[in-house]
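Engineer: Structure for this input, please:
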Amino acid sequence: MSIGRVAHDTDRFAGMSSTALGTIGRRQRRFFIYCVAPSLAVLAIITLLPSLYLLVTSFTPLNLTRPETQWDFSHPWQSYRELLADGRLANSVWVQVKLSFWTVSLQLLIGLGLALLLNVKSRLLEALRTVFLIPMVLPPIVVAIIWKVIYTPDISPMHGIFRALGWNVPALITDPQWALTSIIVADTWEWFPFTMLMVLASLQMMPQELLDAARVDGASPWQLTRHVTLPFIKGVLLVAGLFRLIDSIKAFPLIFILTDGGPGNVTEVTNYYSFLQAFNFSYLGFSSAITVALLGATVVLSWVIIRAVGWGVRVD
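Structural biologist: Residues are numbered from 1 along each chain as shown. Sure, this is the predicted structure:
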């Protein structure tokens, strides 16, 4: 075959491929839409519709003992006005702030420390990685039962050790001074592996050339961590903190199993207070208003953190 004939066929194929590629592109887009549409429909049914109903309900005084209040919109802002005057709600918000601050801070610190340790090349440490992940993969209700046993003096191995040492330690989950601390410890134990896993993955993607160059310049291990490693994983830490902050606002199983919001209301966080209003007192309208306000605060707080982190955080 002559070179001229090959060139002619190549030009003709190139001219046809432009139209063909356009057709293929349109077909691919339609195919993707058809594939995604069922998932989006299911997502809308199980998330958007209940969320919309929650929002609508928050503008009613819905009470299960008074079915006629379901569509009563005569005073749509009544529940939200009651929120501002509810001292118990204000206390639950403060409890939530303390719980979120300490759990997120401890999970980031412990997760970071263990990730730095496990990043060292060692067969023993590599084997321990799986062990550290066990708390995170356990169902939350199982974690709550484990800590219920640990905090119950009559059957607790921890209290048995304290008694052997001659220490008189009270039942922590029934002591007003220690109940919230007990929840913080249990939640931190359950979720620090999440931060550890994210940071460890980031550390293993870190270019070795950066560390080698810093060592050549005479950087000490502390300087290496502070000026090279931490700036490199800063974005990952912020994202991990965001995820854990959102999850801490949804804290429920540990509080429900361990303390039931008590003693008194020292461990009664906002979403647990909303649960009590809905299922103990049947004030679904007021509970919906609490949930909507909590959701709004979570979205705003997440937006602020995302703006600080940036969508385009790079770890390479």
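Engineer: drop to CA atoms for contacts and neighbour counts, all remaining ones
Structural biologist: Will do.
Engineer: For stretch 97-111, list every residue counted as buried.
Structural biologist: With burial defined by 16 or more other C-alpha atoms under 10 Å, the residues of stretch 97-111 counted as buried are 98-100, 102-111.
Engineer: for stretch 148-159, same thing?
Structural biologist: By neighbour count, and taking 16+ other C-alpha under 10 Å as the criterion, the buried residues in stretch 148-159 are 148, 150-153, 156, 159.
Engineer: Next step: those restricted to helices.
Structural biologist: With DSSP state H as the criterion, helices contain 148, 150-151, 159 from among the buried residues of stretch 148-159.
Engineer: Any chance of those residues in TSV with distance to Ile290 as columns?
Structural biologist: Below are these laid out as TSV (distance: C-alpha to C-alpha, whole Å):
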residue	distance to Ile290
Lys148	29
Ile150	33
Tyr151	31
His159	38
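Engineer: Quick check: the two most widely separated of those residues?
Structural biologist: Of all pairs drawn from those, the widest gap by C-alpha to C-alpha lies between Lys148 and His159 and measures 12.3 Å.
Engineer: ok, Asp175 to Ala85 distance?
Structural biologist: As for Asp175, its distance to Ala85 is 28 Å (criterion: C-alpha to C-alpha, to the nearest Å).
Engineer: Same drill for the two, tell me which one is more crowded.
Structural biologist: With neighbours defined as other C-alpha atoms under 10 Å, Asp175 and Ala85 compare such that Asp175 has more, 15 against 10.
Engineer: of the buried residues of stretch 148-159, closest to Asn119?
Structural biologist: Relative to Asn119, and with distances defined as C-alpha to C-alpha, the nearest of these is Ile150, at 31.0 Å.
Engineer: list the contacts for the closest one?
Structural biologist: Under the criterion of C-alpha atoms under 8 Å, 6 or more residues apart in numbering, the neighbours of Ile150 are 156-159.
Engineer: okay, now Val228: neighbour count?
Structural biologist: 16.
Engineer: check contacts around it.
Structural biologist: Val228 makes contact with 210-211, 214 under the criterion C-alpha under 8 Å, 6+ apart.
Engineer: No further queries at this time; thank you.
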